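Trainee: just to be clear, the model below is a prediction. Sequence and coordinates:
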Amino acid sequence: MLVLFAIFFLILLPSSAAQTASSSTHDSSQSPIKRPHVDQSIVVGAHLTPEEAEEGRINDIYQPIYQFQQTGDCAGIVRTAQSAVIPAAEQAKFETVRKKFLFLSYRSIGDCNFKANEYAEAEQTYIKAVDYADKDDSSYAINSTCGAHRMSLCSI
């Protein structure tokens with residue numbers, strides 16, 4: 001996105017300035033403004049840290065789970081989490097990336113277990129999810145409380 005903006009800025013902005021200058025003055029003694037060529041452009045690249053690259057790779061694997069959540073496809077969520085996301089997350093080199101995707105996967109599986117009235121499995125899965133939750137994240141209290149609250153509703 002930044003590269004496209006830089007190209008726009010380098011190519012289109014000078015050409016519109018040249019058009020404005022040529023339309024406002026009709027003096028033939030002035031030389032036209034030279035437009036930049038492709039070989040004069042600047043390429044701006046984004047360099048990701050290894051942790052960001054790994055997070056992006058596993059996030060790409062996780063994306064189908066998000067789509068299954070939108071449609072309520074619990075079979076797809078469980079299948080994708082168990083066969084793709086959890087194995088990839090377990091192999092992650094960075095602890096924060098590993099914990100993030102293990103937490104998200106187990107929480108999603110727990111939600112599916114809960115929807116299927118499989119309360120014992122849901123409880124065990126939520127406990128796994130909380131084990132991987134980022135305790136320093138402000139949403140930690142909300143996530144752990146939601147899991148406990150869901151389980152308390154089952155015992156009523």
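Mentor: Okay, I see it. Numbering: from 1, shown residues only.

Trainee: just checking, what packs against the helix or strand in which Val130 is found?
Mentor: Using DSSP states H and E, Val130 maps to helix 119-132. For helix 119-132, the packing partners by 3 or more CB pairs under 8 Å, 6 or more residues apart in numbering; DSSP states H and E come out as helix 95-115, helix 140-154. Quick note: C-beta positions are derived from backbone N, CA and C, even for glycine.

Trainee: lowest average pLDDT across these?
Mentor: The weakest mean pLDDT among the helices and strands packed on helix 119-132 belongs to helix 140-154, with a mean of 53.

Trainee: show me how this structure divides into domains.
Mentor: Using automatic domain parsing, the domain parsing of the chain gives 2-40, 50-154.

Trainee: those: lowest mean pLDDT?
Mentor: Taking the mean pLDDT of the domains of the chain, domain 2-40 comes last: a mean of 55.

Trainee: the helix or strand hosting Gln67 vs helix 95-115, what angle?
Mentor: Per DSSP H and E, Gln67 falls inside helix 50-71. Between helix 50-71 and helix 95-115, the angle comes out at 10 degrees (axes from the mean of the first three to the mean of the last three CA atoms, to 10 degrees).

Trainee: helix 50-71: which residues count as buried?
Mentor: Buried residues in helix 50-71, counting neighbours by 16 or more other CB atoms under 10 Å, are found at 54-55, 58, 61-62, 64-65, 68.

Trainee: can you redo these as JSON lines with distance to Ala75?
Mentor: Converted to JSON lines, those look like this (distance: CB to CB, whole Å):
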{"residue": "Glu54", "distance to Ala75": "28"}
{"residue": "Glu55", "distance to Ala75": "27"}
{"residue": "Ile58", "distance to Ala75": "22"}
{"residue": "Ile61", "distance to Ala75": "18"}
{"residue": "Tyr62", "distance to Ala75": "17"}
{"residue": "Pro64", "distance to Ala75": "12"}
{"residue": "Ile65", "distance to Ala75": "12"}
{"residue": "Phe68", "distance to Ala75": "8"}
